[in-house]
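Enquirer: any chance you could fold what I've pasted below:
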Amino acid sequence: MDFGSKIKALRLEKNMTQKDLAKAIGVSTRSLINYETGRCYPRQASVVANLSEQLGVTADYLLSDEPDVPKEVSQKDADILVRQLAALFAGGQLNEQDRDAAMQALQKAYWDGRKQDQ
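Expert: Numbers count the residues shown, from 1 in each chain. I've put the predicted structure just below:
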């Protein structure tokens, strides 16, 4: 799936109009239509970042040519991440602020996943 097709599919999944998404990411509706139809790509990285945030995926997913890049973290991937984080914390390689940031990110990922399950 190409960049434009991904944007359109994700926008429709979120029940957003082109006008709504364009406004949310700070571009004109015409620009968004051009992105979705493949006529052009965003010139600014901030637009791609805003798109990924609004659509709930990573910028890598949007920009990748891979047809089936996963949008969600599987339970297996989450378990691996937890083990790696635990090992990293045990080794004392992160300062306290970085450990807190990592734990907050992990908690956010957990709660976001829980919301999707409901």
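Enquirer: tell me the mean pLDDT for stretch 35-48?
Expert: Taken as a whole, stretch 35-48 has a mean pLDDT of 88.
Enquirer: switch to numbering from 14
Expert: Yep, numbering from 14; the last one is stretch 48-61 now.
Enquirer: where does pLDDT dip in this structure?
Expert: 79-109, 111-113, 115-116, 119, 123, 126-131 (pLDDT under 70).
Enquirer: all helices for it, in order.
Expert: With DSSP state H as the criterion, the chain has helices at 16-26, 31-38, 42-50, 58-68, 72-76, 88-103, 109-130.
Enquirer: and the gap between Val40 and Glu49?
Expert: Going from Val40 to Glu49 by Cβ to Cβ, to the nearest Å gives 12 Å. C-beta: built from backbone N, CA, C; applies to glycine.
Enquirer: can you get me a residue count around Trp124?
Expert: If you count neighbours by other Cβ atoms under 10 Å, Trp124 ends up with 10.
Enquirer: check contacts around it.
Expert: By Cβ atoms under 8 Å, 6 or more residues apart in numbering, no residues touch Trp124.
Enquirer: quick one: it from Leu75, how far?
Expert: 23 Å.
Enquirer: and for Glu49?
Expert: Counting by Cβ to Cβ - Glu49 and Leu75 are separated by 12 Å.
Enquirer: what's the neighbour count on the nearest residue to Asn63 once chain neighbours are set aside?
Expert: Nearest non-adjacent residue to Asn63, counting by Cβ to Cβ, 6 or more residues apart in numbering: Ile38, 3.9 Å away. A count of nearby residues for Ile38, using other Cβ under 10 Å, gives 22.
Enquirer: restrict stretch 72-80 to CA atoms and write it as PDB.
Expert: This file holds the C-alpha atoms of stretch 72-80, laid out as PDB (Å, rounded to 0.1, in the frame of the first residue of the first chain):
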ATOM      1  CA  ALA A  72       5.800   8.100  10.300                       C
ATOM      2  CA  ASP A  73       7.800   5.000   9.300                       C
ATOM      3  CA  TYR A  74       4.600   3.100   8.600                       C
ATOM      4  CA  LEU A  75       3.300   6.000   6.400                       C
ATOM      5  CA  LEU A  76       6.500   6.300   4.500                       C
ATOM      6  CA  SER A  77       7.300   2.600   4.200                       C
ATOM      7  CA  ASP A  78       6.600   0.700   1.000                       C
ATOM      8  CA  GLU A  79       6.000  -2.400   3.000                       C
ATOM      9  CA  PRO A  80       2.400  -3.500   2.400                       C
END
